[in-house]
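Coordinates for the following, if possible.
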Amino acid sequence: MKSLLSSRPVLWFLFLFNLAVAAVAPFVVEGSQGVLTAVGMGVVSLGAGVSLLRGRRAGA
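Model prediction:
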């Protein structure tokens, strides 16, 4: 499972999908639930982005 989650296509999907949801959530879901959803999805997106950057540096 770890090799699947660390593959570049999966990381790109996690990064872009969670970034899009984090940007839209406060407008779709009202109140604190929308804000917390945006924060949670943003954290996952940042984690995937950092993993993409680390993999890029290791491969270079």
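
other SSEs contacting the helix or strand where Leu52 lies?
Using DSSP states H and E, the element containing Leu52 is helix 32-59. Where contact means 3 or more C-beta pairs under 8 Å, 6 or more residues apart in numbering; DSSP states H and E, helix 32-59 is packed against helix 8-28. Every C-beta, even on glycine, is put in place using the N, C-alpha and C of the backbone.

Residues contacting the helix it packs on, please?
Here helix 8-28 makes contact (C-beta atoms under 8 Å, 6 or more residues apart in numbering) with 4-5, 34-35, 37-39, 41-42, 44-45, 47-49, 51-52, 55.

Compute the inter-axis angle for that helix and helix 32-59.
Here helix 8-28 runs at an angle of 160 degrees relative to helix 32-59 (axes from the mean of the first three to the mean of the last three C-alpha atoms, to 10 degrees).

List the buried residues for helix 8-28?
Residues of helix 8-28 classed as buried: 11, 14-15, 18-19, 21-22, 25-26 (neighbour count, 16 or more other C-beta atoms under 10 Å).

Stretch 35-47 too?
Buried residues in stretch 35-47, counted by 16+ other C-beta under 10 Å: 37-38, 41-42, 44-45.

ok, residues contacting it?
By C-beta under 8 Å, 6+ apart, stretch 35-47 touches 14-15, 18-19, 21-23, 25-26, 29.

Could you point out which residue ranges in the protein have low pLDDT?
Applying pLDDT under 70 to the chain flags the ranges 58-60.
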